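Visitor: I'd like to go over a predicted model; first the sequence, then the structure.
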Amino acid sequence: MSSPADDATRRAGAILTIDLGAIAANWRGLRDAGRASGRPVDCAAVLKADAYGTGLAIVGPRLAAEGCRQFFVAHIDEGIELRRVLPEHPIYVLNGLLAGTEGDFVEHDLTPVLNHLGQLNAWRAAAQRFNRPLDAVIHLDTGMNRLGFGPEDAQALVNERGRLRGLRLALFMSHLVASEEPANPINGEQLSRFRSFVKAMPGAPASLANSSGIFLGPDYHFDLMRPGAALYGINPLPGQANPMLPPSRCKLASSRSVALTLYRPLATVVPGARRGLRASPPSASGMPTVTSVHWSTAASCTSPNSPCP
Ligand SMILES: Cc1ncc(COP(=O)(O)O)c(C=O)c1O
């Protein structure tokens, strides 16, 4: 007798196979690119948007087994889902502390990425209420204009460090706007703003580089790198050969195979950007409805140009 899962697979319009070995190899490659300069920089994984559509509750433990120690998600519910399968690892929630969610963060041992003084004050109040120090990440906006402490809030923090009383600083971080354009002067400007802030606020590790930022060189690495897109095969070096392995293959019910490219999920502030998958080229009947997702544990992709079977 076939199992319900077998039946679902038989009826599926398309089957997507995620190669966990490829994602793990991509993480190792990014970690090693950061360490090439000889500094012991750590490498986290960004699992936002359900690990860019590849399944955060499966990808997270695979990367933890590979040696990844810190994880970022966009939304608190993603953090709660990940905590169920990763009981020990730090999990940082990029969207920060939304009003009334303090108890949920504490209950699930999640760390909010604090994006402005209001969130900082609310988290401090929570630390008092729960009568224990709580971990916090401070996100500095050095030019993204999306999330993070702006110049005034950042200065207020530098002027009055006591605003952090009751909190344990896990990390200072900022996000690069255009790291995939190495010649863009905004990279250097953001680096310089972030450096000044970190210098004025010693006492916590720092993190600036996303996927492409890792390839801007050791100045951008600080203590922790935060790749997302490149883990899932998106080229961090546009215009050059893609050093990443493709982690997904989609098989249509008709047995025709299409390559699925992972595209960047929408900004962290937009809820609901869950599955960042797009068929390439689009099939005649349009985007296949991927109703069955499989994960392969074998590292079956051996080179960037040979797609997973
Ligand atoms: C704050 C933050 N850090 C890191 C990343 C990962 O960036 P990338 O996917 O370009 O590696 C993201 C993704 O949007 C992000 O929002």
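Guide: Cool, got the structure. Numbering: from 1, shown residues only.
Visitor: Kindly tell me how buried the nearest residue to residue 81 once chain neighbours are set aside is, as a neighbour count.
Guide: Once flanking residues are discounted, residue 81 sits nearest to residue 57: 5.6 Å by C-beta to C-beta, 6 or more residues apart in numbering. Every residue, glycine included, has its C-beta placed from N, CA and C. Neighbourhood size, residue 57 [other C-beta atoms under 10 Å]: 16.
Visitor: dump the residue contacts of the residue nearest to residue 46 when sequence neighbours are not counted.
Guide: Distance criterion C-beta to C-beta, 6+ apart; nearest residue to residue 46, sequence neighbours excluded, is residue 228 at 3.3 Å. Neighbour list for residue 228: 45, 46, 47, 48, 52, 72, 210, 211 [criterion: C-beta atoms under 8 Å, 6 or more residues apart in numbering].
Visitor: tally of neighbours for the third one?
Guide: Translated: residue 47. Residues near residue 47, counting by other C-beta under 10 Å: 29.
Visitor: likewise the last one?
Guide: Residue 211 is flanked by 25 other residues according to other C-beta under 10 Å.
Visitor: try the first one
Guide: Counted with other C-beta under 10 Å, the neighbours of residue 45 add up to 29.
Visitor: Okay, it and the ligand: tell me how far apart.
Guide: 9 Å (C-beta to the nearest ligand atom, to the nearest Å).
Visitor: wouldn't residue 22 be in contact with residue 247 here?
Guide: Yes. The pair residue 22 and residue 247 qualifies as a contact (C-beta atoms under 8 Å) at a distance of 4.1 Å.
Visitor: Which residue does the stretch 51-200 of the chain have closest to the ligand?
Guide: residue 175 (4.1 Å; C-beta to the nearest ligand atom).
Visitor: Would you mind listing the residues in contact with that residue?
Guide: Contacts of residue 175 (C-beta under 8 Å, 6+ apart): 139, 142, 144, 146, 147, 148, 208, 210.
Visitor: The last one: what's it in contact with?
Guide: Going by C-beta under 8 Å, 6+ apart, residue 210 touches 46, 175, 176, 179, 225, 226, 227, 228, 229.
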